[in-house]
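# Sharing a model prediction with you, sequence too.
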Amino acid sequence: MRFFLHKDTLVLCLSVSIFFLIGCNALSFTKSQIAATELKSKKTHNLSTWPQNCDYFVFKLGTDKVAPERVENLDKTVIAKVNQQPKVKYYNIYLNSAENMMDQATSGGFAASGQFDYYLGGSVFGEDITLKPKCSRDEMTAGWFDPAELTNNISPLIIDLKVEYNGKDYSVYSVYSPDTELQYRYGKPEMTRNVNAAMDKAHKALIEKIRADEPI
């Protein structure tokens, strides 16, 4: 009988083993090294598979696989509400699955098919929010979130965008709790649905900031 594992699953299994064998410091990367790698790629990728790294299992969701029309959607939304097109300086979407993936790794919950039988600590829906980022915001390249913004214990989507509007810069950092786990579900309806909802939330926040300066 043959089993197939996703490449990130295999790397994760090996990295967890190495982590417990040789400790936290031996394989650590500096934030600047991770940032340099991040700037070189606009494709969907996992920032780190090392459990001791602050960017562990934070996925940057690039336009190659997720929401390729994100900028166009933002333009349409803003123009419809404030009648002027913004200049988008950056628009990044992240999925932070660090804590839930560590739960998977330490519990041995990997499925032989390479998909994940998701184990979620605490309650998934309800008042008991236990999910938290692996490190402080300053220690992470991307994907940090405030647990107070979560509505469940499912790995959150984070939208980090910046635009120039009427000569002024506006930034939005928005956190959204999906209704299901989204790792590797590229092209699936649940990914599209939840990313669209996350973008809608971020776009509304941006419009509120613009209107606060220029009431329409």
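Yep, it's here.
# Any buried residues in the top helix by length along the chain, and which?
Longest helix of the chain, by residue count under DSSP state H: helix 189-213. The neighbour-count check on helix 189-213 (16 or more other Cβ atoms under 10 Å) flags 191, 194, 195, 198, 199, 201, 202, 203, 205, 206, 207, 210 as buried. For glycine as for every other residue, the C-beta is placed from the backbone atoms N, C-alpha and C.
# ok, so of those residues, who is nearest residue 160?
residue 202 (8.7 Å; Cβ to Cβ).
# Just to check, that closest one is in contact with residue 161?
Yes - assessed by Cβ atoms under 8 Å, residue 202 is found in contact with residue 161 at 6.3 Å.
# Would you mind listing the residues touching both of the two?
Common contact partners of residue 202 and residue 161 (Cβ atoms under 8 Å, 6 or more residues apart in numbering): residue 172.
# can you pull out the helices in this protein?
7-22, 31-40, 70-82, 98-107, 189-213.
# what's the angle from the longest helix of the chain to helix 70-82?
Orientation of helix 189-213 against helix 70-82 (axes from the mean of the first three to the mean of the last three Cα atoms, to 10 degrees) gives an angle of 40 degrees.
# Give me the average confidence score over helix 189-213.
The average pLDDT for helix 189-213 rounds to 97.
# Report all helices and strands that that helix contacts.
Here helix 189-213 is seen to pack against helix 70-82, strand 87-96, strand 157-165, strand 168-176 when contacts are counted using 3 or more Cβ pairs under 8 Å, 6 or more residues apart in numbering; DSSP states H and E.
# how much does that helix deviate in direction from strand 157-165?
Helix 189-213 runs at 40 degrees relative to strand 157-165, counting by the same axes, to 10 degrees.
# so helix 189-213 versus strand 168-176, what angle?
Helix 189-213 and strand 168-176 meet at an angle of 140 degrees, taking the same axes, to 10 degrees as the criterion.
# Show residues contacting helix 189-213.
Contacts for helix 189-213 (Cβ under 8 Å, 6+ apart): 61, 66-67, 70, 73-74, 77-78, 81-82, 86, 93, 157, 159, 161, 163, 165, 168, 170, 172, 174, 176, 178-180, 182, 185.
# Now the buried members of these.
Applying 16+ other Cβ under 10 Å to the contacts of helix 189-213 flags 61, 66-67, 70, 74, 77-78, 81-82, 86, 93, 157, 159, 161, 163, 165, 170, 172, 174, 176, 178, 182, 185 as buried.
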